[in-house]
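Student: I'll drop the sequence and a predicted model, then ask my questions.
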Amino acid sequence: MITKILNVITLSRILCAILIYLILYLESNYSIALFLFFIASFSDFLDGYLARKTNSESVLGEILDPIADKLLIVFVLIGLSINLDSFLIGFISAVIISREIWVAALRDINSRNNQSDKTKVTFLAKTKTAIQMLSILMYLFGLTINNMMILFFADIILIIALLVTIQTGFKYTISTFKK
């Protein structure tokens, strides 16, 4: 029963990603986008924690959770890029998307070679996701209260996320092709 609830929570993150994208695209109520993103980000932590604590991890959850995370981050970054007409956010979104596709390919290669541990999620990769989410929260908060200084700091945090994104991509690449 709890496994089903956790999977519904994970699926709700995908729905939130779509809703937030639409809010940003339509330049609608940013406070709703901020609230939805906060809830979605918190649910990412919560469903993983509860699944481990209650021993309710499922194959579906293991597949859906990283997909929901990536869709949430990518949809919202693309929405922010369009909304703010920002080359920086658009460029970083493209790098993040490229890295995710590349790492998915590496995971497939390792899985086929029975070496899935080479691309197991690392602490640094989890940190990358947290930094990406923090930058998005700051963008949405800055838009909500119309504060350019917060948007500037969000840019800086997103650049840090970019560097960690590239670093984790390289680490997975080296791990995959190292004998």
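Tutor: Looks like it arrived, so ask away.

Student: what's the longest helix in the protein?
Tutor: Longest helix in the chain, counting residues (DSSP state H): helix 148-177.

Student: and Leu140, helix, strand or coil?
Tutor: Following DSSP: H, G, I helix; E, B strand; the rest coil, Leu140 is assigned to helix.

Student: Please name the residues that touch it.
Tutor: Leu140 sits next to 30, 33-34, 37, 76, 80 when contact means CB atoms under 8 Å, 6 or more residues apart in numbering. Using the backbone N, CA and C atoms, a C-beta is placed for each residue, glycine as well.

Student: before we move on, what about Ser28?
Tutor: Leu22.

Student: circling back to that earlier point, for the contacts of Leu140, which single residue is the most surrounded?
Tutor: Tallying neighbours with other CB atoms under 10 Å puts Val76 at the head of the contacts of Leu140, with 29 neighbours.

Student: Quick one: mean pLDDT over the helix or strand hosting that one.
Tutor: Taking DSSP states H and E as the definition, one finds Val76 inside helix 59-84. Here helix 59-84 scores 90 as its mean pLDDT.

Student: helices and strands around the next helix or strand after that helix, which ones?
Tutor: Downstream of helix 59-84, the first helix or strand assigned by DSSP H and E is helix 87-112. If you count contacts as 3 or more CB pairs under 8 Å, 6 or more residues apart in numbering; DSSP states H and E, helix 87-112 packs onto helix 59-84, helix 148-177.

Student: most packed of these?
Tutor: Among these, helix 59-84 has the highest mean neighbour count (mean count of other CB atoms under 10 Å), at a mean of 20.

Student: Report the inter-axis angle for that helix versus helix 87-112.
Tutor: Counting by axes from the mean of the first three to the mean of the last three CA atoms, to 10 degrees, helix 59-84 lies at 160 degrees to helix 87-112.
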